[in-house]
Structure formats: C-alpha cells, structure tokens
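J.: the following comprises the amino acid sequence and a computationally predicted model.
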Amino acid sequence: MLFMGKTTFYGLCVIIPMFVVGFVLFKLAEILDKVAKPLGLETYLGASLVIVLAVLVILLLSFLIGILIQKVISFKSFESKVLNQIPGYEIIATLAQGFRDADQSHSFPSVMIDLYGSGTTALGFIMEEHENERFTVFVPSSPVLTVGNVYVVQASQLSRLDVKGKEVADCLSKWGMGTKNLLNR
C-alpha cells in the first residue's frame, strides 16, 4: 500500500504539468471545432478521442515515471532533501517511527516510569539504553505526544510494558483512557 502511495505521489509530480498540457490540448480542440464547423469539417469527435487517449497515456506514463523516480531517488533521499526541510517533520516522523509495532527493531519500548520514587508513575518510552543500567526515557504530555519531557533514570525506576508503542500512544492521546487495559496485560 505504501509503495502504491509513494509511486502515485512521484507520478503526480510529473502528471500535473502534463494535465496542464492536456487542458491546453482540450482548448485547442475547441478552437479547431469552431474553425472546422464553418468549413463543414467535423473534427470535434476526432479531437475529443485524441484528448481522451492522450490523458490515458499521460496517466500510464506518470505511473511508470513514478516507478522510475522511486528506483532512482529513494524515499530516504527524498525525505532528507525535501521533507526534513519542513519544520516539525523530523520530530513527528521520529515519534511515528517509534510508535510502530513492538516487533520491529526500531520501535521505542513502552514503560511505566517511577520518576521521583513516590510510587506515582508515568507512561513513557525508552529512547536509549546506557551501559551503566541507566535509560533515557521520553514522557509525552497528554494528549499531545510530540511534547513532553526527557529523563535519564535508573533501570530500577522502570517497569516495561508488554504492549505496542501505538497502544500507549493511543492511550496518552485520550488523556489516559484505556490505561487499565494496558496495565492488566
């Protein structure tokens, strides 16, 4: 599905200018029709058929060019050259990548964090593991997951949750509703 979306996006980068050309062809056909009628020539039907075929060819070409661009320009290079220039994109992309299914190696493990030793815990994610049994954790603010705090804590302050990062993110985005289900697993 992602392949189809990316391919179509690359194709649209080519097809939009071609659509403009198709529009110009359509207007040209209208002009030809106005010129041909007084002369007794019926070119509108032929011109319309040519335009329809041209649009179909353009759609096919845009898909094929999209595949070619995708093979030549990978999504990673497109992302680094274009998307990362958009303010906030990198932050959101990093968080979204970490909230993917837990069976993927680049996801952020979900944890309960006892920040101050008071027994009050917070939902969060392990961002890095250090050699001295310390962890860098991110505790998102609810309901906005792109805002929060970063802490470096001891391993004893963490309780790993056997749930997917997406489930914790969904719970946090709903002001904690559903925490009972997360903790019961």
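T.: Arrived safely, thanks for sending. For clarity, every value in this text was computed on a predicted model and none was experimentally measured.
J.: CA atoms for contacts and neighbours, from now on please.
T.: OK.
J.: burial check on residue 117, number of neighbours?
T.: Residue 117: 10 surrounding residues under other CA atoms under 10 Å.
J.: next, the contact list for the closest residue to it other than its chain neighbours, please.
T.: The shortest distance from residue 117 to any non-neighbouring residue, by CA to CA, 6 or more residues apart in numbering, is to residue 157 (7.6 Å). Residue 157 makes contact with 113-115, 117, according to CA atoms under 8 Å, 6 or more residues apart in numbering.
J.: same question, residue 158
T.: With CA under 8 Å, 6+ apart, residue 158 has these contacts: 111-114.
J.: may I ask which of those has the most neighbours?
T.: residue 113 (27 neighbours).
J.: part of a strand, is that one?
T.: Yes - checked against DSSP: H, G, I helix; E, B strand; the rest coil, residue 113 lies within a strand.
J.: can you list the contacts of residue 157 in CSV and add pLDDT?
T.: Formatted as CSV, those follow (pLDDT from 0 to 100):
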residue, pLDDT
113, 93
114, 92
115, 86
117, 79
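J.: so where does residue 122 fall, helix or strand?
T.: Following DSSP states H and E, one finds residue 122 within strand 121-129.
J.: neighbours of residue 92, just the number please.
T.: Residue 92 is flanked by 13 other residues according to other CA under 10 Å.
J.: look up how far residue 125 lies from the spatially most central residue of the chain.
T.: For the chain, residue 93 is the residue whose C-alpha lies nearest the centre (CA atoms, centre = their mean; 7.6 Å). Counting by CA to CA, to the nearest Å, the separation of residue 93 from residue 125 is 15 Å.
J.: equivalent analysis for residue 114, please.
T.: From residue 114 to residue 125 the distance is 13 Å (CA to CA).
J.: name the residues that touch whichever strand or helix holds residue 151?
T.: Secondary structure assignment for residue 151, by DSSP H and E: strand 148-154. With contact meaning CA under 8 Å, 6+ apart, strand 148-154 is reached by 115, 133-141.
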